[in-house]
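Chemist: build me a model from this:
(2 chains)
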Amino acid sequence: MTDATMSSVTAPPSAPPGRRSPVGSVLIHAGLIAASIAMVYPLLWMISASVRPEDEIFASTSLWPSSVDFASYVRGWFGLDVSFGRFTWNSLVVSVLTVIGNVVACSLAAYAFARLRFAGRNFWFAIMLGTMMIPYHVTLIPQYVLFLNLGWVNTFLPLVVPKFLASDAFFIFLMVQFFRGIPRELDEAAMMDGCGPWRIYWKIMLPLSLPVLATAAIFSFIWTWDDFFGPLIYLNDMNTYTIQLGLRTFVDSSSTSDWGGLFAMSTLSLVPVFFFFLFFQRLLIEGIATTGMKR
Amino acid sequence: MAAVQDSAVAIGGGAQARPAAQGRWASLWTKHGAGYMFLLPWLIGFFGLTLGPAIASLYLSFTSFDLIRTPEWVGTANYVRIATADPKFAAAMQVTFLYVVLSVPFKLTFALLVALLLDRGVKGLTFYRALFYLPSLLGGSVAIAVLWRQLFAGDGLINSLLAQFGIEGPSWISHPNYSIWTLVVLSVWQFGSPMIIFLAGLRQIPTDMYEAASLDGASKFRQFYKITLPLLTPVIFFNAVVQTIDAFKAFTPAFIISGGTGGPINSTLFYTLYLYQEAFGNFRMGYASALAWILVLIIGLFTAFSFLTSRYWVHYDD
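Modeler: Numbering: from 1, shown residues only, chains lettered A, B, ... in the order given. Purely as a prediction, here's the structure:
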């Protein structure tokens, strides 16, 4: 893949300007297409491997299976003591609850920071920004001890409850930026008409903020769905495993024997992310471009 | 029109409209209460999940704690051991620095090059952009790490491809000299999100600057060095800081690819992986807390250093 990516480097230095010569344009497209192929080749290969007959998986580097066979999906799905149906359901529960928690709690805090006047607002806002810089490793162990003592290990609570306490400060920041862009005249007018902060938040801010709420919701979902570390620490009982832990167990227990099943389940685990990407890529890309979201 | 305020709405809303008969506390509440009501979940989270645990973690870092017995104060013993008598810490540090130093510059270079190729006047921009971004979105998942483990296995896809050109590849993952590179390649593969930020940055550069430069006979290359690069330094700086901090915190790929061991011979023992092993493998919670604080210190020093040096090369036009 490095070779293909390198070829994009050898395309002419294309510093910005508008007009390009036809030859330059062809070279650029050649480079970009080569790079695109290198980028998606591993993914396509995995998908193709997941529908190949077992004995053919490593036989070729081609992307086109000689025959399509979904046996790997069946084997993979039931390959562990607990089925992938269970893992998928668990992931879904955790992810959906996280989305709700993040959207509700972060938008509440963001509304306070963006619109309400209260003593210490700037102080708390600075603190909130500061928490974004702290690596989670610092709070990891005491949080674990806390949740262990609460009897929450092997439940979804340690993964979900913090989200209802707006622990993803990043989303607060994102929403504050958006809320500030909404004309103040709107809530001033509503206030004149007798609306209190709750009603302004609910009837004006939230409906006008659907793009940022959707961005936060989609990223919350994808990051939680992909999260491995949190579940690894808090979930030890296979019945509570999320799909990421399920996959990991699959690698450990049967990596050498059932690659087909592993690739089938891997492919399946990427489906929701891919689905969100397909439908919301414009929103996701704008979110990245304007706020510099990582990952 | 006289607005009829029901009492629930009046809280915090129309502060000035309230009669002065209220006591001091009531008026304070009216003025500030709503703000704190909205902030309440975050405040609970901040004290309960961030500040409290951070203080506890600092305390634990001076103790020996195995999760069962009460923490036993050991003074600076954990830190002394980290600094002087822990070869695995040294190994983890070395691996992590190597990973940061290798992956971040490669990733940013690709991101910038592709962004330059995509900038202005390329047909199918949205298609390419989406395609290049996809790996960034999928990259953190176990599935991709699993895939990577297969790609770079001795009999994996990469070596099959190399074999077609008559090259015999090493067993990347099980060789200590090469294993780190598989992780670097995985990281570089996810250049999509810095690329999108670069693209947004390039959009900010006014076209007339290039037109003026062209009229003055400046070559494309010169334009890149004299206009694009300087005006892009704030974005380069941002991407570099974010990606470096992220690289320091990398975990999942190393965990999956090495099966949680950080092997072969500690060659993929990322710092966070070592921290995890100490905390949840060996139940040395005090020691792991000290490791966590060292990581904070390193990230903090790095960030401070970046910001200090940035004044010499980052141009903000204001």
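
Chemist: which stretches of the chain have low pLDDT?
Modeler: In the absence of a named chain, chain A is used. Along chain A, the parts satisfying pLDDT under 70 run over A:1-20, A:58-60, A:254-257, A:294-295.

Chemist: look at chain B instead
Modeler: Where chain B drops to pLDDT under 70, the residues are B:1-22, B:120, B:317-318.

Chemist: tell me which helix or strand the residue nearest the centre of it sits in.
Modeler: Central residue of chain B (CA atoms, centre = their mean): B:Asp246, 2.2 Å from the mean position. If you go by DSSP states H and E, B:Asp246 is part of helix B:229-248.

Chemist: what's downstream of that helix, the next helix or strand?
Modeler: Following helix B:229-248 in sequence, per DSSP H and E, is helix B:252-257.

Chemist: residues making contact with that next one?
Modeler: Contacts of helix B:252-257 from elsewhere in the structure, counted by CB atoms under 8 Å, 6 or more residues apart in numbering or on different chains, are A:228-229, A:232, A:248, A:251, B:140-142, B:144-146, B:148-149, B:173, B:179, B:182-183, B:186-187, B:262, B:268-270, B:273, B:276. Yep, even glycine has a C-beta here, placed from its N, CA and C like the rest.

Chemist: chain center to the helix or strand A:Val212 falls within, what's the gap?
Modeler: A:Val212 belongs to helix A:210-226 when assigned by DSSP H and E. Put simply, helix A:210-226 sits 7 Å off its chain's centre (CA atoms, centre = their mean, to the nearest Å).

Chemist: beyond it, next helix or strand please.
Modeler: helix A:229-234.

Chemist: which secondary structure elements does that following helix contact?
Modeler: Secondary structure elements in contact with helix A:229-234, counted by 3 or more CB pairs under 8 Å, 6 or more residues apart in numbering or on different chains; DSSP states H and E, are helix A:137-149, helix A:157-164, helix A:243-254.

Chemist: repeat that with 10 Å
Modeler: helix A:84-115, helix A:137-149, helix A:157-164, helix A:243-254, helix B:252-257, helix B:271-276 (3 or more CB pairs under 10 Å, 6 or more residues apart in numbering or on different chains; DSSP states H and E).

Chemist: export those to JSON lines and tack on distance to B:Thr109 and mean neighbour count?
Modeler: Shown next, in JSON lines, are those (distance: least, CB to CB, whole Å; neighbours: other CB atoms under 10 Å in any protein chain shown):
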{"stretch": "helix A:84-115", "distance to B:Thr109": "34", "mean neighbour count": "22"}
{"stretch": "helix A:137-149", "distance to B:Thr109": "29", "mean neighbour count": "20"}
{"stretch": "helix A:157-164", "distance to B:Thr109": "36", "mean neighbour count": "21"}
{"stretch": "helix A:243-254", "distance to B:Thr109": "30", "mean neighbour count": "21"}
{"stretch": "helix B:252-257", "distance to B:Thr109": "20", "mean neighbour count": "25"}
{"stretch": "helix B:271-276", "distance to B:Thr109": "24", "mean neighbour count": "25"}
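
Chemist: do you know which of those lies nearest B:Ala240?
Modeler: helix B:271-276 (19.0 Å; CB to CB).

Chemist: restricting to C-alpha, output the closest one in CSV.
Modeler: The C-alpha coordinates for helix B:271-276 follow below in CSV (Å, rounded to 0.1, in the frame of the first residue of the first chain):
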residue,chain,number,x,y,z
TYR,B,271,2.6,3.2,27.4
THR,B,272,-1.1,2.8,27.9
LEU,B,273,-0.9,-1.0,27.4
TYR,B,274,1.8,-1.2,30.1
LEU,B,275,-0.4,0.9,32.4
TYR,B,276,-3.3,-1.4,31.7
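
Chemist: check whether it contacts chain A.
Modeler: Yes: against chain A, helix B:271-276 shows contacts by CB under 10 Å from any CB of the partner chain at B:Tyr271, B:Thr272, B:Leu275, B:Tyr276.

Chemist: look up how far B:Gly45 lies from the last one.
Modeler: So that's B:Tyr276. 24 Å (CB to CB, to the nearest Å).

Chemist: assign a three-state SS to whichever residue of the stretch 1-150 of chain A sits closest to chain B, would you?
Modeler: Per CB to the nearest CB, A:Phe118 is where the stretch 1-150 of chain A lies closest to chain B, at 2.8 Å. Of the three states, A:Phe118 takes coil according to DSSP: H, G, I helix; E, B strand; the rest coil.
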